[in-house]
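Asker: quick one, structure for this:
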Amino acid sequence: MISGLRHPTLKDKMRVGTAIEPGPLPDNLDQHRDLPRYGQVQSSVREAALRLAQAAMTPEAFQKFSDTLPQRAIIGDNRNDENLVVAQFHLSFLRFHNKAIDYLASHDTGWIADFSSAQALTRLHYQWLIVDGYLKGVCDPVVVDRVVNDRASHFFKFRAEFDARRQNTRLGNALPLEFFAAAYRFGHSMVRAFYDYNKNFGRPGTGFLPRATLRLLFEFTGGGGRLDDEKKLPKNWIIDWARFTGVDPHDGSDGEPARLARKIDTELAPPLHTMFKEGEDQGDQQLKALFKSLARRNLRRGYNLRLPTGQALHKHLKQIGAVESSPIQDVSALFATKPDLQNFLAGTATRFHERTPLWFYILAEAEAAGGNRLGEVGSCLVALTLVGVLLADPDSALSRGFTPDQSPLKMPENAPIDSIAKWMQFAAVMQ
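Answerer: Here you go, the predicted structure:
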């Protein structure tokens with residue numbers, strides 16, 4: 001399987017896929033911008049994948065897996081090939097790694113141009129971006145700095161208490177349920193129904209379609225069913241990262257999708273209420289509707305996992321000194337401009353306005369502050385977890401105090417790779 005992930009002849013590099021016609025490309029860069037897929041590797045790799053799958057799947061599931069194997073991506077987690085934007089982001093890591101090899105081989109940096117060096121530098125740069133590029137954008141930067149300066153002490157207290165209760169039962173990292181089942185699902189509210197994806201599916205509107213629908217972005221993937229007979233991504237579906245990284249912004253004033261995420265709030269884009277790939281195997285219509293609605297799934301998951309209410313967790317975090325604000329006792333009071341939602345929350349038999357599901361509480365907290373970033377509770381949960389995981393690894397960028405100006409990798413003008421836009425440019429997936 002490892003041989004399938006690596007370049008077939010240049011063993012220090014990662015394998016990537018090549019997009020095919022129809023075109024045109026969204027830019028003047030090369031066409032080697034698809035994930036590597038099983039259809040392009042030797043039969044021994046495909047046979048190994050089939051053996052592993054057959055041992056873990058039902059006969060029906062294995063038959064489906066076998067039939068769709070050629071277009072499946074050869075990556076560690078196939079969820080990264082369910083949405084084309086995520087798949088193209090994953091590809092940027094493979095390309096960054098390969099460009100790091102090229103750079104080290106052509107520059108006198110003191111680093112060996114091998115797999116280990118490229119792997120380490122790719123990780124360090126991305127981990128730095130997680131904190132300084134990502135967390136300080138989606139979270140309150142004051143909270144992020146507080147967590148970093150405190151070395152995520154509350155996260156490590158949580159982990160120590162977990163280990164004390166469950167001795168010798170933890171495999172790998174223990175993450176708070178409140179993080180992965182509620183707080184980190186804030187991004188669902190930022191998803192758009194339509195995207196200005198590239199010149200073929202976006203502005204100026206003279207290409208194939210004036211915009212890319214969310215459904216199409218799911219369909220042009222390994223499991224989406226729209227890859228052609230060659231089981232590769234068409235060139236016209238390569239992403240134009242300049243439209244996603246702030247390099248070429250647009251506010252959407254022309255009526256087409258803005259080139260930025262939606263605000264963090266209590267509303268989801270319409271396609272997320274009726275997800276087309278979910279629930280189709282359910283005969284019961286009520287269950288089918290439940291599986292198709294992302295909001296209902298998130299709320300049901302929190303209920304099944306017995307997550308605390310937003311007010312209860314907020315109170316606890318303040319008691320232990322993790323946050324400074326007080327709980328929002330009546331969440332419905334935040335929605336004076338949304339009387340229907342306000343009346344619904346206040347009128348529920350379960351008193352949702354006073355005992356608010358944690359996921360909704362975090363979205364409401366962000367919406368009340370303008371929706372440009374998470375509120376204090378959401379920021380605390382997200383920053384504590386991600387910073388804590390980084391600090392738990394002694395080789396992480398945060399543990400080592402790595403900054404991009406320490407890296408041997410530089411932009412053409414010798415500038416550090418210190419933004420997601422420069423990451424994409426260095427990887428040669430954005431001009």
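Asker: ok now the lengthiest helix in the chain, how far from the chain's centre?
Answerer: In the chain, taking DSSP state H as the definition, the longest helix is helix 84-106. Remark: helix 84-106 is offset 17 Å from the chain centroid, using CA atoms, centre = their mean, to the nearest Å.
Asker: what pLDDT, on average, does that helix get?
Answerer: Taken as a whole, helix 84-106 has an average pLDDT of 98.
Asker: list the helices and strands it packs on?
Answerer: Taking 3 or more CB pairs under 8 Å, 6 or more residues apart in numbering; DSSP states H and E as the contact definition, the neighbouring helices and strands of helix 84-106 are helix 115-129, helix 214-219, helix 420-426. For every residue, glycine as well, the C-beta is placed using N, CA and C.
Asker: tell me where the chain has strands.
Answerer: Assigned by DSSP state E, the strands in the chain fall at 194-195, 212-213.
Asker: from the contact counts, what lies against the least confident helix or strand in the chain by mean pLDDT?
Answerer: Counting by mean pLDDT, DSSP states H and E, the chain has its least confident helix or strand at helix 2-5, which shows a mean of 78. Contact here means 3+ CB pairs under 8 Å, 6+ apart; on that basis helix 2-5 packs against helix 43-56.
Asker: which one is residue 177 nearest to, not counting chain neighbours?
Answerer: Take residue 177 and drop its neighbours on the chain: the residue closest to it by CB to CB, 6 or more residues apart in numbering is residue 305, 5.5 Å away.
Asker: how close does that neighbour get to residue 292?
Answerer: For residue 305, the distance to residue 292 (CB to CB, to the nearest Å) stands at 21 Å.
Asker: higher neighbour count, the two?
Answerer: Counted by other CB atoms under 10 Å, residue 305 and residue 292 do not tie: residue 292 has more neighbours, with 19 against 13.
Asker: could I get the contacting residues of the residue nearest to that one when sequence neighbours are not counted?
Answerer: Of all residues beyond its chain neighbours, the one nearest residue 292 is residue 279 (4.5 Å), with distances taken as CB to CB, 6+ apart. Under the criterion of CB atoms under 8 Å, 6 or more residues apart in numbering, the contact list for residue 279 reads 287, 288, 289, 290, 291, 292.
Asker: could you pull up phi and psi at residue 279?
Answerer: Per-residue torsions, residue 279: phi 80, psi 10 (degrees, to the nearest 10).
Asker: per-residue pLDDT, it?
Answerer: If you check residue 279, the pLDDT there is 85.
Asker: for residue 171, same thing?
Answerer: 68.
Asker: likewise for the one 4 residues further on?
Answerer: What the model reports for residue 175 is a pLDDT of 92.
Asker: mind listing what the residue nearest to the spatial centre of the chain touches?
Answerer: The C-alpha lying nearest the average C-alpha coordinate of the chain belongs to residue 86 (CA atoms, centre = their mean; 6.6 Å). Counting by CB under 8 Å, 6+ apart, residue 86 makes contact with 79, 80.
Asker: okay, buried residues for the least confident helix or strand of the chain please.
Answerer: By neighbour count, with 16 or more other CB atoms under 10 Å as the criterion, the buried positions of helix 2-5 are residue 4.
Asker: who touches it?
Answerer: With CB under 8 Å, 6+ apart as the contact definition, helix 2-5 has outside contacts at 14, 15, 36, 38, 41, 42, 44, 45, 49, 74, 75.
Asker: ok, the fourth one - contacts?
Answerer: Spelled out, that is residue 38. Taking CB under 8 Å, 6+ apart as the contact definition, residue 38 lies against 4, 45, 46, 49, 69, 70, 71, 72, 74.
Asker: where's the residue nearest to residue 292 relative to residue 285, distance?
Answerer: Residue 279 sits 10 Å away from residue 285, going by CB to CB.
Asker: number of residues surrounding the residue lying closest to residue 308 once chain neighbours are set aside?
Answerer: Closest residue in space to residue 308, ignoring its immediate chain neighbours: residue 358 at 6.5 Å, by CB to CB, 6+ apart. Taking other CB under 10 Å as the neighbour definition, residue 358 ends up with a count of 28.
Asker: contacting residues for residue 358?
Answerer: When contacts are counted by CB under 8 Å, 6+ apart, residue 358 is found next to 178, 182, 183, 302, 307, 308, 309, 310, 313.
Asker: which residue, other than its chain neighbours, is closest to the third one?
Answerer: In other words, residue 183. Nearest residue to residue 183, sequence neighbours excluded (CB to CB, 6+ apart): residue 381, at 3.8 Å.
Asker: these two touch, right, the one you found and residue 178?
Answerer: Yes - judged on CB atoms under 8 Å, residue 381 makes contact with residue 178 at a distance of 5.7 Å.
Asker: pLDDT weak spots in the stretch 151-300 of the chain?
Answerer: Applying pLDDT under 70 to the stretch 151-300 of the chain flags the ranges 171.
Asker: mind running it again at 80?
Answerer: When the per-residue scores of the stretch 151-300 of the chain are filtered using pLDDT under 80, the ranges that remain are 167-173, 228-229.
Asker: how close does the residue nearest to residue 177 get to residue 211?
Answerer: Distance from residue 305 to residue 211, by CB to CB: 36 Å.
Asker: report the distance from stretch 212-223 to the chain centre.
Answerer: 16 Å.
Asker: just the terminal-to-terminal distance for it.
Answerer: Terminal residues of stretch 212-223 lie 18 Å apart, using CA to CA, to the nearest Å.
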